[in-house]
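*Asks:* Give me a model of this one.
(chains A and B)
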2 protein chains.
Amino acid sequence: MRVKALIFDVFGTVVDWRSSVIREGEALGNLKGWKIDWAAFADEWRFDGYMGGIRKVISGEFPWRTADVLHRMQLDHMLEARGLSSQLTEEEKGHFNKVWHRLMPWPDSIPGLTRLRAKYLIAPFSNGNFALMTNMAKLIGLPWDCILSAELTRIYKPDTRTYPLICELLGIPPDQVMMVAAHFDDLDAARSVGLRTGFVYRPMEFGEARKADQDTGRGYDVSALSFIELAEMMGA
Amino acid sequence: MRVKALIFDVFGTVVDWRSSVIREGEALGNLKGWKIDWAAFADEWRFDGYMGGIRKVISGEFPWRTADVLHRMQLDHMLEARGLSSQLTEEEKGHFNKVWHRLMPWPDSIPGLTRLRAKYLIAPFSNGNFALMTNMAKLIGLPWDCILSAELTRIYKPDTRTYPLICELLGIPPDQVMMVAAHFDDLDAARSVGLRTGFVYRPMEFGEARKADQDTGRGYDVSALSFIELAEMMGA
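*Replies:* Okay, the predicted model is just below:
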C-alpha cells in the first residue's frame, strides 16, 4: 500500500451525530416546555429525512439537494406533524437545522486525525454539504488539510461515480487514496472503484436503536476499533 | 461591514511565486549545467503560460484546463524552445512543473492569517487548482479553514460568475465575504458582484520586471500594506 491520502466519512465515523442532536433537542425542548422523545426525533431526522432524501437524489426522484436542504425539509415536516411549527421563529428553525453543523467528535477522532495528518493528507469526504463540513471543522477543530464533500461532485455516496472525481480533485490515483468509514456500503462502493479501504468500528453510532456494522473478515485493507488504532496500523 | 469570511488570492498575494520559481530553477540549472535567466523564465511561465492560458479559457478559445495542465503545456514549450527537453526525464519535468505547489509565503502571510483565522473563516480562492492549493497549504502550513479554487466552479477569476458560486458553497451571502488580493482586476470583479474587498500591497511581486498595483483611493473596503495590518484593520 502506498497510500497518500485518507478521506473520511464523517456522520457516525468522525462525529457522534445522534448524541449531539439529542443534546441540542433536549435543550430546545426544555426551553419550549415540549415533551419529545429526542432519540426517536434524531433517528427519524437522520434516517427518513437525510438518508431517505439522499436515496431519492441518487435514484433521480429528487433533483440535486444539499444536506442542509434535506435536513430542513424533514425538520419542517416533523415539526408540522407534532403541531410545533408555530412555536419556533424562522430564525430558531434555521438555527436548530444547523445542529448538523455542530456535531461533537468521538473522543478518539481528533487525537487520531492529528497523528495521521503528520504522515498523510487527510480530508472529510461526506454527503454533508461543503459549508456544513467547513463550519463543523472550524467549530470543533478537526485538523483537515482540505474539505471534500459529495456536493463538489453533485453525486452522493455510495454512487460509485463520486469517488474517482474526488481522487481527481486531489490529484492522487484511487489506489493511493483510502476511504475510511464505519459503514460497509461506503467502503464497498469505494473499493469497487479502486480505492483503499479502512473500517473503524463505531458500536454506539445508533445507540440502542440499530446495530452498527461490525467487521468480521470483509477484507478491507485495515480494520480498527478507533482512530488511534487506525493511526497505529497506518504507521502514523 | 458584517464580514464572516475572507477569501484570498494566492499567487502574489499570499505567496511569492517569482522568487520561489527562480530559486528552484537555479538549483535545477546548476545541476544540469544550464545558463538560463531564471527571472525571465519565471515571468514567461507565469504571464504567457498561466495567465495567457486562463485568458483563453475565459474567452472560450481553450476548453477547461487546470493550472497544472496550463503550467505543463508552457513548460514543455519553453524547454523545447531552448533545446532542453531531452535533458530532463518525464519524472523531472513533472516534479519541476509542481514548483507551483511549493511556493513560499511572504513573511507576514502566516502571522496575519493566523490572527485572522481566530475571528473569521479564511480560505484561499485562487485560479490554481484544488490539489495545488491543498498541497501548498500542507507544505508551508497555511492555516486555511478550507480550500477553495476556481476549479470548483470551472470558471476562472476574474469572470464575475465564479465569485457568487464560491459564496454559495460557503453558505455565506456575498456582502459578508471579503475578497483579499494584491490585484485590481480580481477585486474589481468581486466588488461588482457584491463582495467586500481588501487590497494588500505587494510591491515586490514582479521584482523589477513590472510595477505592482498600488492602491491610491480606489475605494476598496480596506487597503493594507501587509497581512498584519489587514488583521489589525479587521479587528482580529
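*Asks:* any chance you could map the helices in chain A?
*Replies:* Listed in chain order, the helices of chain A (DSSP state H) span A:17-32, A:38-44, A:52-59, A:67-81, A:90-97, A:109-117, A:130-140, A:162-170, A:184-192, A:227-233.
*Asks:* Just send those helices back as a markdown table, with mean neighbour count too.
*Replies:* Using the backbone N, CA and C atoms, a C-beta is placed for each residue, glycine as well. Output for the helices of chain A, formatted as a markdown table (neighbours: other Cβ atoms under 10 Å in any protein chain shown):
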| stretch | mean neighbour count |
| --- | --- |
| helix A:17-32 | 17 |
| helix A:38-44 | 18 |
| helix A:52-59 | 16 |
| helix A:67-81 | 18 |
| helix A:90-97 | 14 |
| helix A:109-117 | 20 |
| helix A:130-140 | 22 |
| helix A:162-170 | 21 |
| helix A:184-192 | 20 |
| helix A:227-233 | 19 |
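*Asks:* For B:Glu205, find the nearest of these.
*Replies:* When the helices of chain A are compared by Cβ to Cβ, helix A:162-170 sits nearest B:Glu205, at 28.0 Å.
*Asks:* Compute the inter-axis angle for that closest one and helix A:52-59.
*Replies:* Here helix A:162-170 runs at 90 degrees with respect to helix A:52-59, directions being taken by axes from the mean of the first three to the mean of the last three Cα atoms, to 10 degrees.
*Asks:* sorry, back to before: which among the helices of chain A is found nearest to chain B?
*Replies:* Counting by Cβ to the nearest Cβ, chain B lies closest to helix A:130-140 out of the helices of chain A; the figure is 3.2 Å.
*Asks:* pLDDT on that closest one, on average?
*Replies:* Mean per-residue pLDDT for helix A:130-140: 98.
*Asks:* How about stretch A:167-183?
*Replies:* 98.
*Asks:* Mind checking if it is in reach of chain B?
*Replies:* Yes: contact of stretch A:167-183 with chain B (Cβ under 8 Å from any Cβ of the partner chain) involves A:169-172.
*Asks:* just how off-centre is that stretch within its chain?
*Replies:* With Cα atoms, centre = their mean, to the nearest Å as the basis, stretch A:167-183 stands 16 Å off its chain's centre.
*Asks:* buried ones in it?
*Replies:* The neighbour-count check on stretch A:167-183 (16 or more other Cβ atoms under 10 Å in any protein chain shown) flags A:167, A:169-172, A:174, A:176-183 as buried.
*Asks:* among those residues, which are in strands?
*Replies:* Those of these mapping onto strands are A:177-181, per DSSP state E.
*Asks:* mind putting the residues you listed in JSON lines, distance to A:Ala42 included?
*Replies:* Conversion of these to JSON lines gives the following (distance: Cβ to Cβ, whole Å):
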{"residue": "A:Val177", "distance to A:Ala42": "31"}
{"residue": "A:Met178", "distance to A:Ala42": "29"}
{"residue": "A:Met179", "distance to A:Ala42": "25"}
{"residue": "A:Val180", "distance to A:Ala42": "24"}
{"residue": "A:Ala181", "distance to A:Ala42": "20"}
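*Asks:* right, and out of those residues, which lies closest to chain B?
*Replies:* A:Val177 (11.9 Å).
*Asks:* now A:Ala182: how far from A:Met233?
*Replies:* The gap separating A:Ala182 from A:Met233 is 16 Å, by Cβ to Cβ, to the nearest Å.
*Asks:* Can you pull the domain assignment for chain A?
*Replies:* Split into domains by automatic domain parsing, chain A comes to A:5-16+A:104-233, A:17-101.
*Asks:* Could you tell me the end-to-end distance of the first one?
*Replies:* Yep, that's domain A:5-16+A:104-233 we're talking about. 15 Å (Cα to Cα, to the nearest Å).
*Asks:* tell me how far that domain is from the chain's mean position?
*Replies:* 8 Å.
*Asks:* check contacts around A:Glu92.
*Replies:* A:Leu28 (Cβ atoms under 8 Å, 6 or more residues apart in numbering or on different chains).
*Asks:* quick one, what contacts the nearest residue to A:Lys4 once chain neighbours are set aside?
*Replies:* Using Cβ to Cβ, 6 or more residues apart in numbering or on different chains and skipping residues adjacent in sequence, the residue nearest A:Lys4 is A:Gln176, 4.6 Å away. With contact taken as Cβ under 8 Å, 6+ apart, A:Gln176 is in contact with A:2-5, A:196.
*Asks:* One more pass at 6 Å, please.
*Replies:* By Cβ atoms under 6 Å, 6 or more residues apart in numbering or on different chains, the contact list for A:Gln176 reads A:2-4.
*Asks:* A:Ala123 and A:Trp144 touch, don't they?
*Replies:* Yes: under the criterion of Cβ atoms under 6 Å, A:Ala123 lies in contact with A:Trp144, with a separation of 5.3 Å.
*Asks:* need the residues of chain A near chain B, please.
*Replies:* Residues of chain A lying close to chain B by Cβ under 6 Å from any Cβ of the partner chain are A:130-131, A:134, A:138, A:145-147, A:169-171.
*Asks:* What is the most widely separated pair among those residues?
*Replies:* Once Cβ to Cβ is applied, the residues of chain A next to chain B give A:Lys138 and A:Gly171 as the farthest pair, at 24.7 Å.
*Asks:* avg pLDDT for stretch A:205-223?
*Replies:* 94.
*Asks:* wait, stretch A:51-63
*Replies:* When pLDDT is averaged along stretch A:51-63, the result is 96.
*Asks:* contact partners of it?
*Replies:* So stretch A:51-63 is in contact with A:70, A:127, A:156, A:159, going by Cβ under 6 Å, 6+ apart.
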